[in-house]
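1. Sequence and predicted structure are below.
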Amino acid sequence: MKRVVRSAVESAAGIVEKHRGVVGLALISDSEELRLSARKAREKALHSFANERDDESGLAKHVATALSNRVATPAFWVEHHWLTILAAVTRREATDLALAKSVLKWLETYEGATDTPVFGVQSWQYKSATARAQALAEVKAALTAVRDALREVGELPPYESAA
């Protein structure tokens, strides 16, 4: 592995280790979403697509379990499964940002003593979703640097715009 890629992988591994709990949550929730997507695809007789989703689900669950149990170093998992982690982190970040935006909209409408318990729960949801989204954005930036380093050395094809 070239120095530029090794440096990006080690940097990303440090950030993944720092936010291991949030990354694990992203991988597990992504695994469940992919499993449900596979089930829906099977119901529509899209078996090839369902098999792909099942494979992605299993890999996401495998990486999440390995990271939580500290099976090998985070650098190993980032080096070999950076794309799985990046996909899960990106989807979970979008989910958390949508949740924070939704809760923020409702926080402004609370008034009176009867809304106090709900306001407390909604405030907690907003704070935790915002904190998770920030951590996931940091991990996503590090994994994007790994992707860019791989493209720089020619191990990945260059990005082609759909337009």
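-> Thanks, I have it. Residues are numbered from 1 along each chain as shown.
2. separation between Glu138 and Arg70?
-> 20 Å (C-beta to C-beta, to the nearest Å). For every residue, glycine as well, the C-beta is placed using N, CA and C.
3. Who has more neighbours out of these two?
-> Neighbours per residue (other C-beta atoms under 10 Å) separate Glu138 from Arg70, with Glu138 holding more: 17 against 10.
4. Could you tell me which helix of this protein is the longest one?
-> With residue count as the measure and DSSP state H as the assignment, the chain has helix 116-152 as its longest helix.
5. from the middle of its chain, how far away would that one be?
-> With C-alpha atoms, centre = their mean, to the nearest Å as the basis, helix 116-152 stands 9 Å off its chain's centre.
6. Does it pack against any helices or strands, and if so which?
-> Contacts defined by 3 or more C-beta pairs under 8 Å, 6 or more residues apart in numbering; DSSP states H and E place helix 116-152 against helix 3-18, helix 20-43, helix 74-107.
7. Any idea which of these gets closest to Glu56?
-> The closest of the helices and strands packed on helix 116-152 to Glu56 is helix 20-43. By C-beta to C-beta, the value is 5.0 Å.
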